[in-house]
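Chemist: got a structure for you, letters missing:
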């Protein structure tokens, strides 16, 4: 599993255990609103909204909060108009950053991103200089605890149309083409899926360690704490033991 995916899985487990919900609520509410605005308020007909609702459930968001966010997106309620913008940049050691935002104030957003990058030795990049380093994919995470027969599970994954499946220490990571994500999720409905979402996967990785590794994780962690940031995709690779040790200090 690449460093970025490992980071995402550790964060996912940690967020499920702690009480830092306010920032997560803000991000999910924005995603619910924009998803509903772009594809309608019916999750059965709007895969992006379906994922956003699942994230709201994981965050224990109240049902009425979810419904209001969706209604703001469909125009049934007044609300802020968020714009989707991708920013590109570099962390220390030449690690690429592809930054997904939902913002109602571009000047504020880019100023906040620039501040974080400068603080930890990174920089903003010209549009198009980083995005080509990533591929749009669907990623599904299934805990090994949910799989009683690994051979049968892997065969079902292959038959469902997935591109790849990788076995990590405690999870299976399934990769799909973006348009196949929800078909594969439906095919695996007999298994408890930890998470699924469209994402960006790096075409190549940059290995970092020591102080560079810590600075890279500090950059990404600080960016992800900004309200306007939805996701930060990166191409870093860090040894698992070092990654967990750094996260225990900064996470």
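Modeler: The structure has been received and is ready for your questions. Predicted, not measured: the structure shown is a model, and the values here were computed from it.
Chemist: next SSE after the helix or strand hosting residue 221?
Modeler: Using DSSP states H and E, residue 221 sits in helix 210-224. Toward the C-terminal end, the helix or strand that comes next after helix 210-224 (DSSP H and E) is strand 229-234.
Chemist: tell me the mean pLDDT over that next one?
Modeler: For strand 229-234, mean pLDDT rounds to 94.
Chemist: is it correct that residue 229 is in contact with residue 101?
Modeler: Yes. Using Cβ atoms under 8 Å, residue 229 makes contact with residue 101 at a distance of 5.7 Å. (Glycine included, C-beta is placed from N, CA and C.)
Chemist: which residues are common contacts for the two?
Modeler: residue 113 (Cβ atoms under 8 Å, 6 or more residues apart in numbering).
Chemist: just give the closest residue to residue 139, not the sequence neighbours.
Modeler: Take residue 139 and drop its neighbours on the chain: the residue closest to it by Cβ to Cβ, 6 or more residues apart in numbering is residue 199, 5.1 Å away.
Chemist: thinking again about what came up before, buried residues, the helix holding residue 221. List them.
Modeler: Across helix 210-224, burial judged by 16 or more other Cβ atoms under 10 Å covers 212-224.
Chemist: could those be laid out in JSON lines, adding pLDDT and distance to residue 88?
Modeler: Formatted as JSON lines, the buried residues of helix 210-224 follow (pLDDT from 0 to 100; distance: Cβ to Cβ, whole Å):
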{"residue": "212", "pLDDT": "93", "distance to residue 88": "20"}
{"residue": "213", "pLDDT": "92", "distance to residue 88": "21"}
{"residue": "214", "pLDDT": "92", "distance to residue 88": "22"}
{"residue": "215", "pLDDT": "93", "distance to residue 88": "18"}
{"residue": "216", "pLDDT": "93", "distance to residue 88": "16"}
{"residue": "217", "pLDDT": "92", "distance to residue 88": "19"}
{"residue": "218", "pLDDT": "92", "distance to residue 88": "19"}
{"residue": "219", "pLDDT": "94", "distance to residue 88": "14"}
{"residue": "220", "pLDDT": "92", "distance to residue 88": "14"}
{"residue": "221", "pLDDT": "89", "distance to residue 88": "19"}
{"residue": "222", "pLDDT": "93", "distance to residue 88": "17"}
{"residue": "223", "pLDDT": "94", "distance to residue 88": "12"}
{"residue": "224", "pLDDT": "91", "distance to residue 88": "16"}
